[in-house]
Structures are given as structure tokens and as C-alpha cells.
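Q: Need a 3D model of the following:
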Amino acid sequence: MGDVIRFVPKSELERIRLIREARAIYDSIFPPSALVDEQPYGCPTQSTQSSSDSLRNAIEGE
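A: Next up is the predicted model:
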């Protein structure tokens, strides 16, 4: 009884689909690598989340 059904406009679904498709293309050209997170000379990495990561998490439902 407490279920809420959220209406998602068709344009929003299309936008999400295009973002996923673009990310797949980007990842096929520039594969993600574990070495990207490493800093030269042993400097620690900062664990801040960028706005693109926030958007990706919102789209993927994380």
C-alpha cells in the first residue's frame, strides 16, 4: 500500500539511454585502468567524488 510509482518522462529515459551509450563508447576507446588512480612518487590520492560520478551513480541507481 505504501508503494510510490514515479512517472519518468520519455525524454528523461532517452537522455539516460544516450548517456549509457556514450559511456560504453568512451569505455571501449579509453578502457578504465587501475593505474589511473595511482599518483606518481607515492603521493596519496584524494577521495573526492566528482559531479560526473554523482550523476553516473544517480543514473545507475547506486
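
Q: By average pLDDT, which secondary structure element in this protein comes out worst?
A: Using mean pLDDT, DSSP states H and E, helix 51-60 stands out as the lowest-scoring helix or strand of the chain, at a mean of 61.

Q: Give me the below-cutoff pLDDT ranges for this protein.
A: The chain contains residues with pLDDT under 70 at 34-62.

Q: other SSEs contacting the lengthiest helix in it?
A: In the chain, taking DSSP state H as the definition, the longest helix is helix 10-29. Using 3 or more CB pairs under 8 Å, 6 or more residues apart in numbering; DSSP states H and E, the elements in contact with helix 10-29 are helix 51-60. Heads up, the C-betas are built off the backbone N, CA and C, glycines and all.

Q: run the last query once more with 6 Å
A: On a contact count with 3 or more CB pairs under 6 Å, 6 or more residues apart in numbering; DSSP states H and E, helix 10-29 meets no helix or strand.

Q: Now do the buried residues in that helix.
A: Residues of helix 10-29 include none that count as buried (16 or more other CB atoms under 10 Å).

Q: mind exporting it as CSV, just the C-alpha atoms?
A: Output of helix 10-29 as CSV, limited to C-alpha atoms (Å, rounded to 0.1, in the frame of the first residue of the first chain):
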residue,chain,number,x,y,z
LYS,A,10,10.1,9.7,-22.2
SER,A,11,12.7,12.4,-22.8
GLU,A,12,14.4,11.6,-19.5
LEU,A,13,14.5,7.9,-20.4
GLU,A,14,16.0,8.8,-23.8
ARG,A,15,18.6,11.0,-22.1
ILE,A,16,19.6,8.2,-19.7
ARG,A,17,19.9,5.8,-22.7
LEU,A,18,22.1,8.2,-24.6
ILE,A,19,24.4,8.7,-21.6
ARG,A,20,24.8,5.0,-21.1
GLU,A,21,25.5,4.5,-24.8
ALA,A,22,28.1,7.3,-24.8
ARG,A,23,29.8,5.9,-21.7
ALA,A,24,30.0,2.5,-23.3
ILE,A,25,31.6,4.0,-26.4
TYR,A,26,34.0,6.1,-24.3
ASP,A,27,35.0,3.0,-22.2
SER,A,28,35.6,1.0,-25.4
ILE,A,29,38.0,3.7,-26.6
